[in-house]
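1. Give the three-dimensional model of this entry:
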Amino acid sequence: MSDIILHHYPQSPVTEKVRVVLGIKRLDWRSVIIPRLPPKPDLMPLTGGYRLTPVMQIGADVYCDTQCIIRELERRHPEPTLFPGGAEGMAWGVGRWTDGPMFDNILEVVFADAADDMPDEFKADRGLLYFGPGFDLSALQEIMTDSLVQLRAQFSWMDERVAGRDFMLGAEPGLPDALCYYLVWFLRGRYSKGPEFLDQFQHLMNWEQRVEAIGHGRPTDMNSADALAIAKDATPAGQRSDVVDDLAGLHTGDNVAVEPTGVSGCTAVAGTVIHIDNQEIALARTDEVIGNVVVHFPRAGYRVTKV
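-> This next block holds a predicted model:
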């Protein structure tokens, strides 16, 4: 039975990125379906308050954000690599674009398009999360044409990249394919004119079919109670090294709070630093339900504050 447990829900676009990575690596994994909206009572004991989707659990180690999840999957399962041709640094840079400005443009289009049909509770929750307090759907509708213009330019870049190639990096799929595919998947499924809009990018549409055929690896269903029991019975990773982050003035043993930047309404996760480097910070914390866990976050896109 696989150690990889993914807490997610089927409609999550960001999770689709990880599911494609699991497919590229042909991995077995266990699928725990979580609510789309807070509260998420069976997720909070693992994360200490982090609410974004997906979250990966391996024993009593909890990985938040797809950056952290994908890095850990590559570390534990290096073959087949997500970086054919040694494109690691470039691929992570692509992720800052696809998860940032381009994802934001798609959110603008999807929200503007679905404004009249979106359930009020979902609209309020995701509106605050993605657009901040006091967000205005009518303002998104006013800029929808410009958002589509921005997307057309960016999808054109992808289309040019896969002209004459099977995948973004050549003959083998890699991380850039997952990073780009989830945006195509999201727009096609959530924008009422998504299929029509995407049809103008013929190379990209052929590539989309190839990535879709990769699949999602080999998932099996698991309930949240069993996932919590696994965490309770496991021992989390210990301190790897006595690392000092000179730039931020952080040390192992510091009590800190970690929260994502670029979104609103998220709870900061408190814990004790047991590992820190350029790419990751890991916090030890104790939960009254499951005991000791270590929660891992990426450095890029997250704010760390001493408490």
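2. Which neighbouring elements make contact with the helix or strand hosting R126?
-> Assessed by DSSP states H and E, R126 sits inside helix 120-131. Applying 3 or more Cβ pairs under 8 Å, 6 or more residues apart in numbering; DSSP states H and E, one finds that helix 120-131 contacts helix 103-113, helix 137-142. Glycine gets a C-beta too; all of them are placed from N, C-alpha and C.
3. Helices of this structure, residue ranges please.
-> Using DSSP state H, the helices of the chain run over 13-24, 44-47, 66-76, 88-97, 103-113, 120-131, 137-142, 144-161, 175-190, 194-198, 202-214, 224-233.
4. Grab the nearest non-local neighbour of A248.
-> V304 (6.5 Å; Cβ to Cβ, 6 or more residues apart in numbering).
5. my read: the one you found touches N255, true?
-> No: shown here, V304 and N255 do not form a contact pair, counting by Cβ atoms under 8 Å, at 11.1 Å.
6. Who has more neighbours out of those two?
-> Per other Cβ atoms under 10 Å, whichever of V304 and N255 has more neighbours is V304, with 19 against 11.
7. who's in contact with that one?
-> Neighbouring residues of V304 by Cβ atoms under 8 Å, 6 or more residues apart in numbering: 248, 250, 256-258, 281.
8. Closest one of the residues you listed to L46?
-> V258 (14.5 Å; Cβ to Cβ).
9. need the contact list for the closest one.
-> V258 sits next to 268-269, 271, 281, 283, 297, 302-305 when contact means Cβ under 8 Å, 6+ apart.
10. Among these, which pair sits farthest apart?
-> Longest span within these, Cβ to Cβ: G271 and R303, 14.4 Å.
11. neighbours around D233, how many?
-> Neighbour tally, D233, other Cβ under 10 Å: 11.
12. quick one, what contacts it?
-> By Cβ under 8 Å, 6+ apart, D233 has no neighbours at all.
13. the bottom helix or strand of the protein by mean pLDDT?
-> strand 244-245 (a mean of 71; mean pLDDT, DSSP states H and E).
14. Relative to A139, how far out is S147?
-> Distance of S147 to A139, given as Cβ to Cβ, to the nearest Å: 11 Å.
15. With neighbour numbers in mind, choose between those two.
-> Counted by other Cβ under 10 Å, S147 and A139 do not tie: S147 has more neighbours, with 19 against 12.
16. Check whether the more buried one really touches V109, as I assumed.
-> Yes: applying Cβ under 8 Å, one finds S147 in contact with V109, separated by 5.0 Å.
17. Low-confidence bits of the stretch 151-300 of the chain, can you list those?
-> The stretch 151-300 of the chain contains residues with pLDDT under 70 at 239-244.
18. What about P119, how many residues nearby?
-> 10.
19. picking up where we left off before, who's more crowded, G271 and R303?
-> G271 (22 against 13).
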